[in-house]
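[1] Below are the sequence and a predicted model; questions follow.
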Amino acid sequence: MRVLVVEDEKRLAAGLKSGLEAEGFAVDVALDGADGLWLAREQPYDLIVLDIMLPSVNGYRICSTLRDEGNWTPILMLTAKDGEFDEAEALDSGADDYLTKPFSHVVLVARLRALLRRGARERPVVLEAGDLRLDPGERRAWRDGTQLELTPRELSLLEFLLRHKGTVVSKRDILGHVWDYDFEGDPNIVEVYVRRLRNKLDRPFRRRAIETRRGAGYRLAGDGG
Ligand code: CA
């Protein structure tokens, strides 16, 4: 198992390297952010141990850059900033776990082994119906390779229809999932949004993906129309 340690405190980095090697890991060390990012991009690691406060590129930035590039190697973040450290920020940037310094070697190894067992997280699956595609992670959608200009609500409606492609979904189901369960406005809002979607993903492409089933609801054609 190959581990990348990105840590600018030399003694800590050396200690991590020898400790993890004693546990049977193969360990590379980067002492600054730019080197760490370069190694993480170039080499296939099973795990990355990432300090947050680093020269040149900080740990949050490294993590979010790798995730944006589709690199899902498990990342454990290290931080000395107990209290100031924003756990949500670490996890938002795409880290899988974090550990506050000082930490015990035993705890570190246990956490790394747990991450290895979990393996790389999967990127959210791109939803497809024929040439209609939606990436829930990026919040973007395409028809025949052309990116669609959709509002967040239109995107959510399309996502819901794609997740149920080929089946009829009722207006009530749509309201419950795309709006709120306690939505109390006019249920005809669904018709308005379905019409807007058709104007964006069907009409310009001379397609008919979204069928109306009178009295029952709507159905997105499994082949994208
Ligand atoms: Ca540091």
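    Sure, I can see it. Residues are numbered from 1 along each chain as shown.

[2] ok, then the element right after the helix or strand bottoming out on mean pLDDT in the chain?
    Lowest by mean pLDDT, DSSP states H and E among the helices and strands of the chain is helix 87-92, with a mean of 68. As assigned by DSSP states H and E, the chain's next helix or strand after helix 87-92 is strand 97-100.

[3] Next one: that following strand, is it in contact with the ion?
    No - figure legend: strand 97-100 not in contact with the ion (C-beta under 5 Å from the ion); closest approach 12.8 Å. Glycine gets a C-beta too; all of them are placed from N, C-alpha and C.

[4] Show me what the next helix-or-strand element following that strand is packed against.
    Sequence order places helix 105-118 as the next helix or strand after strand 97-100, per DSSP H and E. Helices and strands touching helix 105-118, by 3 or more C-beta pairs under 8 Å, 6 or more residues apart in numbering; DSSP states H and E, are helix 10-22, strand 47-51, strand 75-79, strand 97-100.

[5] which secondary structure elements does the last one contact?
    By that I understand strand 97-100. Using 3+ C-beta pairs under 8 Å, 6+ apart: strand 97-100 touches strand 75-79, helix 87-92, helix 105-118.

[6] Just the buried positions in it, please.
    Buried positions in strand 97-100, judged by neighbour count with 16 or more other C-beta atoms under 10 Å: 98, 99.

[7] Name the strands paired with it and say parallel or antiparallel.
    Sheet pairing of strand 97-100 (DSSP bridges) gives strand 75-79 (parallel).

[8] tilt between the partner strand and strand 47-51?
    20 degrees (axes from the mean of the first three to the mean of the last three C-alpha atoms, to 10 degrees).
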